[in-house]
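*Asks:* Test case, fold it:
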Amino acid sequence: MLKVDNLTVNYGAIEAVKQVSFNVNQGEIVTLIGANGAGKSTILKTLSGVKKAASGQITFLDTDLTKLSPSKIVQAKIAQVPEGRRIFAGLTVRENLQMGGFLESKKDKQAQLDYIFEEFPILAERQGQDAATLSGGEQQMLAMGRALMSQPKLLLLDEPSMGLSPIFIEKTFAIIQKLNEQGTTILLIEQNAKTALKIADRGYVLANGKIKLEGTGEELLNNEAVQHTYLGMM
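*Replies:* Predicted structure coming up:
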């Protein structure tokens, strides 16, 4: 479904991502793990069209994403849940969700809104409430619901557990698995490497802008280098 070939992304003279190649097959959960500054979020921003590639190719269902604007990438059925959630303060929960379906038809937007309220009952209960007044966990659900409004085939998740309580982390990963079971392919960036690898079909380990290791979620969980560096195991 998604193929990244020799992707290089720069911030000025600094190479943040250095000739990275990986792929995501339809129906998979694939995770990218690594320390802060490894290049994970930069990769997602480039996939979304927010950041432009210096070189390399990104192919999604035979379409070259490097030539598309962010809005065209959303129309291609890729949506991102950004790090820090980035909900629209001052707008209601319902208005935030409607913003996510901005490019959809009125009929599709309403159908998707009904689906999200069914999947996230707390959002239905608080649909008239200012989104900024929600708890961190509720805001994460809203950010995920907003992304789902565009009916994505590929969902990009950037640190979905950041700042959440343990109970909301558990809920968030359960939602991720359910979405995947319902047919959404997921590319997940997560500092909580152990939890991410437990639900991932495959994973890639990034360090200093390069992929250092790859394998199934189970293989990486059992890799001594990964255990020592990312899982806090000796």
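*Asks:* What is the least confident helix or strand in the chain by mean pLDDT packed up against?
*Replies:* When each helix and strand of the chain is scored by mean pLDDT, DSSP states H and E, helix 224-230 comes last, with a mean of 85. If you count contacts as 3 or more C-beta pairs under 8 Å, 6 or more residues apart in numbering; DSSP states H and E, helix 224-230 packs onto helix 193-199. (Glycine included, C-beta is placed from N, CA and C.)
*Asks:* Now the helix it packs on: buried residues?
*Replies:* For helix 193-199, a neighbour-count test (16 or more other C-beta atoms under 10 Å) marks 193, 195-197, 199 as buried.
*Asks:* what does stretch 133-140 give?
*Replies:* Within stretch 133-140, the residues scored as buried using 16+ other C-beta under 10 Å are 134, 137-140.
*Asks:* Could you list the domains of the protein?
*Replies:* Domain segmentation of the chain under automatic domain parsing yields 1-77+152-170+178-234, 89-149.
*Asks:* how about a markdown table for the ones you listed, with distance to Glu83 added?
*Replies:* Shown next, in a markdown table, are the domains of the chain (distance: least, C-beta to C-beta, whole Å):
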| stretch | distance to Glu83 |
| --- | --- |
| domain 1-77+152-170+178-234 | 4 |
| domain 89-149 | 10 |
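*Asks:* host element of the most centrally placed residue in the chain?
*Replies:* Centroid-nearest residue in the chain, with C-alpha atoms, centre = their mean: Leu157, separated by 1.4 Å. Applying DSSP states H and E as the criterion places Leu157 in strand 154-158.
*Asks:* how far does that strand sit from the chain's center?
*Replies:* 2 Å (C-alpha atoms, centre = their mean, to the nearest Å).
*Asks:* what's it in contact with?
*Replies:* With C-beta atoms under 8 Å, 6 or more residues apart in numbering as the test, strand 154-158 has contacts from 1-2, 24, 40-41, 44, 47-48, 60, 77-83, 144, 147-148, 176, 179, 184-190.
*Asks:* for stretch 193-207, same thing?
*Replies:* The list of residues contacting stretch 193-207 from outside it, by C-beta under 8 Å, 6+ apart, reads 20, 22, 28-35, 38-40, 43, 161, 169, 173, 176-177, 188, 190, 211-218, 220-221, 226, 230-231.
*Asks:* repeat that with 7 Å
*Replies:* 22, 28-35, 38-40, 173, 176-177, 188, 190, 211-217, 220-221, 226, 230-231 (C-beta atoms under 7 Å, 6 or more residues apart in numbering).
*Asks:* And for stretch 100-109?
*Replies:* Contacts to stretch 100-109, defined as C-beta under 7 Å, 6+ apart, come from residues 71, 74-75, 98, 112, 146-147, 149-151.
*Asks:* Could you work out the end-to-end span of that stretch for me?
*Replies:* With C-alpha to C-alpha, to the nearest Å as the measure, stretch 100-109 spans 9 Å from end to end.
*Asks:* Make 94 the starting number, not 1.
*Replies:* Sure, I'll start counting at 94 from here, so that last one is stretch 193-202.
*Asks:* Leu140 contacts Ile151, correct?
*Replies:* Yes - judged on C-beta atoms under 7 Å, Leu140 makes contact with Ile151 at a distance of 6.2 Å.
*Asks:* so what's in contact with those two at the same time?
*Replies:* Common neighbours of Leu140 and Ile151 (C-beta under 7 Å, 6+ apart) are Leu158.
*Asks:* Counting neighbours, go ahead and name the busier of the two.
*Replies:* Applying other C-beta atoms under 10 Å to Leu140 and Ile151 shows that Leu140 carries more neighbours, namely 24 against 21.
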